[in-house]
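> sharing a model that was predicted from the sequence below.
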Amino acid sequence: MTDENRYCGMAALTICESLLLALNDHKVLTESEILGVLRDAAATHENDDGADAEAHKAVARIIRKIDSGGNSARRP
């Protein structure tokens, strides 16, 4: 993976976290609904057993970490 690809992934994650926070702040989605989105996304990757199964498992672990630890923008 190139540095540019890695940085794109980091940027995408940051943008998505910010969007989820904004949706919650503006009462578009509840915290429970946001957790549901994260859990659904993780489950999708956990259940993928295709050619890139290990990559999908790694993505699921990252999403689960966000789910259990909160978001990076509002952590103490």
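Yep, it's here.

> return the residues in contact with the spatially most central residue of the chain.
Nearest to the mean C-alpha position of the chain, by C-alpha atoms, centre = their mean, lies Ile63 at 4.2 Å. Contact analysis of Ile63 by C-beta atoms under 8 Å, 6 or more residues apart in numbering lists Leu38, Ala41, Ala42, His45. Any C-beta I mention is one placed from the backbone N, CA and C, and that applies to glycine too.

> pull the most distant pair out of the residues you listed.
Pairwise distances across those peak at 11.2 Å for Leu38 and His45 (criterion: C-beta to C-beta).

> let me know the average pLDDT across the lengthiest helix in the chain.
When the chain is scanned for its longest helix (criterion: DSSP state H), the result is helix 3-25. Averaging pLDDT along helix 3-25 gives 93.

> how about it: buried residues?
Glu17, Leu20 (16 or more other C-beta atoms under 10 Å).

> Asn24 and Glu31 touch, don't they?
Yes. Here Asn24 lies in contact with Glu31, judged by C-beta atoms under 8 Å, at a distance of 6.0 Å.

> from Ala42, how far out is the residue nearest to the centre of the chain?
Distance of Ile63 to Ala42, given as C-beta to C-beta, to the nearest Å: 4 Å.

> now Ile15
Noted for Ile15: a distance of 18 Å to Ala42, by C-beta to C-beta.

> for Glu54, same thing?
15 Å.

> what does Leu23 give?
18 Å.

> swap in Glu31?
Per C-beta to C-beta, Glu31 is found 16 Å from Ala42.

> please apply the same query to Ile66.
Distance from Ile66 to Ala42, by C-beta to C-beta: 9 Å.

> do Ala12 as well
Taken as C-beta to C-beta, the span from Ala12 to Ala42 is 16 Å.

> then Arg6?
Arg6 is 20 Å from Ala42, by C-beta to C-beta.

> ditto for Met1
Distance from Met1 to Ala42, by C-beta to C-beta: 21 Å.

> just want to know which of the two has more residues nearby.
Neighbour comparison, Met1 and Ala42: the larger count goes to Ala42, with 20 against 8 (by other C-beta atoms under 10 Å).
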